[in-house]
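Novice: Kindly return the folded structure for what I paste below:
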Amino acid sequence: MDIGLVVGPWGVTFDEAIASMRAAERHGFASYYLGDHFYTVNQIDSLEPYLLFALAARETERIRFGSLVTPVMFRPPSNVGRLAAQLDLLSGGRFVLGLGVGWNEGEHIAYGIDYPSLGERFDRLDEFIQVMRLMWGEGPATFDGRYYGLSEAQTLPKPAAGRPTVLIAGGGEKRTLPLVAKYADEWNAVDLPLDAYRHKCELLAGYCDERGRDPGEIRHVMTTMGLIGSTDAEVEAATLLQMQRMPPPPGMSPADYREMLRGIGAIMGTADEIVDKLGRLAEAGIDEVQFTWFDLSSDSVPAWLASEVLPQVADL
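Specialist: Numbering: from 1, shown residues only. Predicted coordinates for the structure are as follows:
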């Protein structure tokens, strides 16, 4: 099993972000992902992930990196497709384009971005991927869709054939999983309990069968919001930081907040507990788990994972 890191580039400096990329590679992680938001809850410093991706392409040599995830309404597909192709070339084929329909209505309104119905956002995501695939293919691209269009667009330079990797995130059973079956190279879910994950895998396999696609072609990855650390103090600090970013119900203690996350499937606890959970996820078909790195002021969390967890799960 591969282990990766996810960073929310909010409330951090450029130097901290660059140091986190280097740490991810130095400690032996397989991947490094960035959230893509103007803001989540509070309007604090928020670094543009596509700027950071260009830095990641130069600051690292081995790890895969990408977005978890780019909302469909933030940028037109012609822009994202061009960025993704060039980032993939710049990094030697290591860029992963993670896509989703978006969820934070407030940030869309604050920045003057349309936030149509959920159904329309899914329809747009379908066209979005079609447009980019045409751009990445041979020759000029023309597309006349309901929401997006191209007219003899010759997008150069072209990425390598079959590139970039497209990841679709979410667990929706009526719209997300059919789109995964239709387009995705990778499927990402967040903190799904084991039984729920297995159920969605069965549904995804069914959607793949309908399309004549081998479900084994799709790489399965899971992001966890687990609050971890090498000491109780680090776990508490990560908890308090996340409670600021994603506030719990009024009056909830840090300990109760951790239990709430654990109850919805977050991976946390001792190294042995984490390894046990990862082993069960590997048996169920997960290829990679990405741990959220909350506090970039220290690399003790990735160092602890690299020392205590990565060696035990490398052969899963």
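
Novice: beta partners of the closest residue in space to Trp103 that isn't next to it in sequence?
Specialist: Leaving aside its sequence neighbours, Trp103 sits nearest to Pro71 (Cβ to Cβ, 6 or more residues apart in numbering; 7.8 Å). Every residue, glycine included, has its C-beta placed from N, CA and C. The bridge-partner assignment for Pro71, based on DSSP bridges, gives Gly100.

Novice: Report pLDDT for Pro71.
Specialist: At Pro71, the predicted lDDT confidence score is 98.

Novice: Kindly indicate whether Phe53 is helix, strand or coil.
Specialist: Under DSSP: H, G, I helix; E, B strand; the rest coil, the three-state class of Phe53 is helix.

Novice: Does the nearest residue to it once chain neighbours are set aside lie in a helix or a strand, and which?
Specialist: Excluding the flanking residues, the one nearest Phe53 by Cβ to Cβ, 6+ apart is Leu87, at 5.2 Å. Here Leu87, judged by DSSP states H and E, is contained in helix 77-90.

Novice: what ranges do the strands span in the chain?
Specialist: For the chain, applying DSSP state E gives strands covering 2-7, 31-34, 64-67, 70-71, 95-100, 141-144, 149-153, 165-169, 186-190, 219-224, 288-292.

Novice: Can you get me a residue count around the closest residue to Glu127 other than its chain neighbours?
Specialist: Among residues not flanking Glu127 along the chain, Gly145 sits closest, at 4.4 Å (Cβ to Cβ, 6+ apart). By the criterion of other Cβ atoms under 10 Å, Gly145 has 15 neighbours.

Novice: And Phe294, by the same measure?
Specialist: 22.

Novice: list the contacts for it?
Specialist: Gly8, Leu227, Ala238, Leu241, Gln242, Val301 (Cβ atoms under 8 Å, 6 or more residues apart in numbering).

Novice: quick one: contacts for the closest residue to it other than its chain neighbours?
Specialist: Distances taken as Cβ to Cβ, 6+ apart place Ala238 nearest to Phe294, at 4.5 Å, with adjacent residues excluded. Shown in contact with Ala238 (Cβ under 8 Å, 6+ apart): Leu227, Ile228, Gly229, Phe294, Asp295, Val301.

Novice: run the last query once more with 6 Å
Specialist: Counting by Cβ atoms under 6 Å, 6 or more residues apart in numbering, Ala238 touches Leu227, Gly229, Phe294, Asp295.

Novice: Buried residues of the helix or strand of the chain with the lowest mean pLDDT, list them for me.
Specialist: Lowest on mean pLDDT, DSSP states H and E among the helices and strands of the chain sits helix 232-245, with a mean of 85. Neighbour-count burial for helix 232-245, counted by 16 or more other Cβ atoms under 10 Å, picks out Glu234, Val235, Ala237, Ala238, Thr239, Gln242, Met243.

Novice: CA atoms only for that helix, dumped as PDB, please.
Specialist: Output of helix 232-245 as PDB, limited to C-alpha atoms (Å, rounded to 0.1, in the frame of the first residue of the first chain):
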ATOM      1  CA  ASP A 232      -0.400  13.300  22.900                       C
ATOM      2  CA  ALA A 233       0.600  17.000  22.700                       C
ATOM      3  CA  GLU A 234       0.900  16.800  18.900                       C
ATOM      4  CA  VAL A 235      -2.400  15.100  18.600                       C
ATOM      5  CA  GLU A 236      -4.000  17.800  20.800                       C
ATOM      6  CA  ALA A 237      -2.400  20.600  18.700                       C
ATOM      7  CA  ALA A 238      -3.600  19.100  15.500                       C
ATOM      8  CA  THR A 239      -7.100  18.700  17.000                       C
ATOM      9  CA  LEU A 240      -7.300  22.400  18.100                       C
ATOM     10  CA  LEU A 241      -6.100  23.500  14.700                       C
ATOM     11  CA  GLN A 242      -8.700  21.500  12.800                       C
ATOM     12  CA  MET A 243     -11.400  22.600  15.200                       C
ATOM     13  CA  GLN A 244     -10.600  26.200  14.100                       C
ATOM     14  CA  ARG A 245     -10.800  25.300  10.400                       C
END
